[in-house]
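*Asks:* Only the shape, not the letters, is given here:
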């Protein structure tokens, strides 16, 4: 997504506003415009990142990541499993006067099912969770191994803990068609790959 048109639009709006203040204001606006360009780009990137964070929370277990390619952001969409809404690359769309549409969007292949139980209650709630650094690192590694965001992995873990102390069930194919019961009536927990 090219941020240049948005930065130039802000520069033009500043010039128009400064023109009303006379020559001194116009000269000041011209001196400030170039140094503010990188701050403007950074602010736009922060806003895009925050917006994609909100989208990801609502899309979990899918996600939308913002990545930098040079100076421009691109969006990488990981669709929820079982969703037929997206497959392959989304064609680029040029920015128009309407809503901002990413011009460099990639769709990542679906991740393994997260099996987060559906609820009759809609919406999400935001919480602050403080984990010791070593637990956070382990949780991030576990989420990465399963192709999930940390948030989606934590949602699945909490849902599993509340549903009898075990992770949400994966399809039988993930267990090689075997029952999750061990030999001789002993049970095991975790995932079999």
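*Replies:* Yes, it's here. Because the structure is predicted, anything quoted here is derived from the model rather than measured. Numbers count the residues shown, from 1 in each chain.
*Asks:* what are the ranges of the strands in the chain?
*Replies:* Counting by DSSP state E, the chain has strands at residues 63-69, 72-78, 105-108.
*Asks:* Tell me which other helices or strands the first one touches.
*Replies:* This points to strand 63-69. Where contact means 3 or more Cβ pairs under 8 Å, 6 or more residues apart in numbering; DSSP states H and E, strand 63-69 is packed against helix 23-59, strand 72-78. No exception for glycine: its C-beta is placed from N, CA and C like everyone else's.
*Asks:* Quick check: which of the ones you listed is buried the most?
*Replies:* Mean neighbours per residue, mean count of other Cβ atoms under 10 Å, is largest over those for strand 72-78, with a mean of 19.
*Asks:* quick check: angle from that strand to helix 23-59?
*Replies:* Orientation check (axes from the mean of the first three to the mean of the last three Cα atoms, to 10 degrees): strand 72-78 against helix 23-59 gives 10 degrees.
*Asks:* Number the residues from 730 up from this point.
*Replies:* Shifting the count to begin at 730 puts that one at strand 801-807.
*Asks:* tilt between strand 801-807 and strand 792-798?
*Replies:* 150 degrees.
*Asks:* Pairing partners for strand 801-807, with directions?
*Replies:* Partners of strand 801-807 in the sheet, by DSSP bridges, are strand 792-798 (antiparallel), strand 834-837 (parallel).
*Asks:* lowest-confidence stretch among these?
*Replies:* When the strands paired with strand 801-807 are compared by mean pLDDT, strand 834-837 comes last with a mean of 48.
*Asks:* Export the strands of the chain to JSON lines and append columns for distance to residue 747.
*Replies:* Formatted as JSON lines, those follow (distance: least, Cβ to Cβ, whole Å):
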{"stretch": "strand 792-798", "distance to residue 747": "31"}
{"stretch": "strand 801-807", "distance to residue 747": "27"}
{"stretch": "strand 834-837", "distance to residue 747": "36"}
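*Asks:* sorry, back to before: and of the helices and strands packed on strand 792-798, who's closest to residue 883?
*Replies:* helix 752-788 (11.4 Å; Cβ to Cβ).
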